[in-house]
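Engineer: fold the following.
(3 chains)
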Amino acid sequence: MSVRHPRWKKIHAVVRRIPKGRVATYGQVASLAGMAGHARQVGYALHALDDEDAVPWQRVVNARGEVSPRSDPGWDQIQRQLLEREGIHFDLRGRIDLDRFGWKHHARS
DNA sequence: TTTATGGCTGTCA
DNA sequence: ATGACAGCCATAA
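Structural biologist: Next up, the predicted model:
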């Protein structure tokens, strides 16, 4: 309760409603947050979120379906472990099948 | 106020 | 399929 109307808070809310066992892309989160096209800010927002926000930032991946190489090396592995622990499967290249684990409003087959 | 950064995305070779 | 370049814009100093 310090800032006034940060867009990040909206982003945190969107990320927070990502279902477990599902991943969303930065672009998708941005779109749901009302900032379609500002995917970059989404990643930055997740980088600056508070630990008490309980935001499953790990469920947010880039458009390629893989974790992004953030500033602090090592967290990319942690993110991968967290996702695997939620039931998300990575391929041999460390990529996720967005067609299956991607958070979509419209299930298929 | 301006400047610099950045967990991205889309297009081109 | 991957690798490289430019663009967009919010937040922090």
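
Engineer: stretch A:13-27 and DNA strand B in contact?
Structural biologist: Yes. Part of stretch A:13-27 sits near DNA strand B under the criterion Cβ under 7 Å from any atom of the strand, namely A:T25, A:Y26, A:G27. From N, CA and C alone the C-beta is placed, and that goes for glycine too.

Engineer: which one of those sits closest to A:W57?
Structural biologist: A:Y26 (10.7 Å; Cβ to Cβ).

Engineer: and which of the residues of stretch A:13-27 next to DNA strand B is nearest to A:W75?
Structural biologist: The closest of these, once distances to A:W75 are taken by Cβ to Cβ, is A:Y26, at 15.7 Å.

Engineer: grab the nearest non-local neighbour of that closest one.
Structural biologist: A:A39 (3.7 Å; Cβ to Cβ, 6 or more residues apart in numbering).

Engineer: circling back to that earlier point, can you put the residues of stretch A:13-27 next to DNA strand B in CSV and add distance to DNA strand C, neighbour count and pLDDT?
Structural biologist: Shown next, in CSV, are the residues of stretch A:13-27 next to DNA strand B (distance: Cβ to the nearest atom of the strand, whole Å; neighbours: other Cβ atoms under 10 Å; pLDDT from 0 to 100):
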residue, distance to DNA strand C, neighbour count, pLDDT
A:T25, 13, 19, 94
A:Y26, 10, 23, 94
A:G27, 10, 17, 92
